[in-house]
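*Asks:* After the sequence you'll find the predicted model.
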Amino acid sequence: GAVVSQHPSWVICKSGTSVKIECRSLDFQATTMFWYRQFPKQSLMLMATSNEGSKATYEQGVEKDKFLINHASLTLSTLTVTSAHPEDSSFYICSAPIDEQFFGPGTRLTVL
Amino acid sequence: AQSVTQLGSHVSVSEGALVLLRCNYSSSVPPYLFWYVQYPNQGLQLLLKYTTGATLVKGINGFEAEFKKSETSFHLTKPSAHMSDAAEYFCAVRGSYNQGGKLIFGQGTELSVKP
């Protein structure tokens, strides 16, 4: 199957700093990628749809100025958590669809 | 609007026993249905999917699921549980008219397998 990678796999940062997470489709092109957030013992919640060449579409309740998404190319989307706070600590997962969605391995963000 | 309900946040079975994880969906359009498995601190791996055609779908690792439109269900089964099946399982739905579109996930079911 298709492969989606994420980098970094885990990151620890201080409150108030910004963190960038990369999502790459390694063997296919993706005009659309999805970003999910998952709290411990909970399901995945879609944050936004990343669109190559245009603005991301955010789900209701997600602050677009806090979670900046850039779909720089057909194989790369980035999520930047700006001015991170402890409540932003979570597991962030991206996916890219062909016929079905292929998920990245996730990024564990811990904000101190 | 679409939604997914997984009955039981936690299921425990003995090794070798039948695994049954329940999923009911709501969709205003013909649904595409998926089951994913997630191991700790990892992404999601597709077990199986239903799009159209045969309602009994076979997936990886011996899992299968049956789409029952009349019951709006897509329950996941495996005849004999292995210890390696212990994980979190998610059912998801996507409108078939939105190819490659976003998924709506259920709450997840944690499967424990006792020796």
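*Replies:* Cool, got the structure. Residues are numbered from 1 along each chain as shown, chains lettered A, B, ... in the order given.
*Asks:* Angles on the backbone of residue B:62, please.
*Replies:* With angles defined as degrees, to the nearest 10, residue B:62 sits at phi 80, psi 10.
*Asks:* I'd assumed residue B:80 was in contact with it.
*Replies:* Yes - counting by CB atoms under 8 Å, residue B:62 does reach residue B:80; the two are 7.4 Å apart. Every residue, glycine included, has its C-beta placed from N, CA and C.
*Asks:* Compare those two (neighbour count), which wins?
*Replies:* Comparing residue B:62 with residue B:80 by other CB atoms under 10 Å in any protein chain shown, the one with more neighbours is residue B:62, at 15 against 12.
*Asks:* Next up, the contacts around the residue sitting nearest the centre point of chain A.
*Replies:* With distances taken as CA atoms, centre = their mean, the residue of chain A nearest its centroid is residue A:35 (4.1 Å). Going by CB atoms under 8 Å, 6 or more residues apart in numbering or on different chains, residue A:35 touches A:23, A:46-50, A:67, A:69, A:77, A:79, A:92-94.
*Asks:* So which of the residues you listed are in strands?
*Replies:* Of these, the ones assigned to strands by DSSP state E are A:23, A:46-50, A:67, A:69, A:77, A:79, A:92-94.
*Asks:* out of those, which one sits closest to residue B:67?
*Replies:* Proximity of those to residue B:67 (CB to CB) peaks at residue A:46, which lies at 23.2 Å.
*Asks:* residue contacts, that closest one?
*Replies:* Applying CB under 8 Å, 6+ apart to residue A:46 gives the contacts A:34, A:35, A:36, A:59, B:102, B:103, B:104.
*Asks:* Quick one: name the residues of chain B near chain A.
*Replies:* Chain B has residues B:34, B:36, B:41-46, B:49, B:90, B:99-108, B:110 near chain A, with proximity defined as CB under 8 Å from any CB of the partner chain.
*Asks:* Turn the contacts of residue A:46 into a markdown table, columns for pLDDT and secondary structure.
*Replies:* Shown next, in a markdown table, are the contacts of residue A:46 (pLDDT from 0 to 100; DSSP: H, G, I helix; E, B strand; the rest coil):
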| residue | pLDDT | secondary structure |
| --- | --- | --- |
| A:34 | 94 | strand |
| A:35 | 96 | strand |
| A:36 | 95 | strand |
| A:59 | 92 | coil |
| B:102 | 80 | coil |
| B:103 | 87 | coil |
| B:104 | 89 | strand |
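*Asks:* Just put the residues you listed in TSV and tack on distance to residue A:73.
*Replies:* Shown next, in TSV, are the contacts of residue A:46 (distance: CB to CB, whole Å):
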residue	distance to residue A:73
A:34	17
A:35	16
A:36	21
A:59	23
B:102	21
B:103	24
B:104	28
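*Asks:* Any of those residues buried? List them.
*Replies:* Burial by neighbour count, 16 or more other CB atoms under 10 Å in any protein chain shown: within the contacts of residue A:46 this picks out A:34, A:35, A:36, B:102, B:103, B:104.
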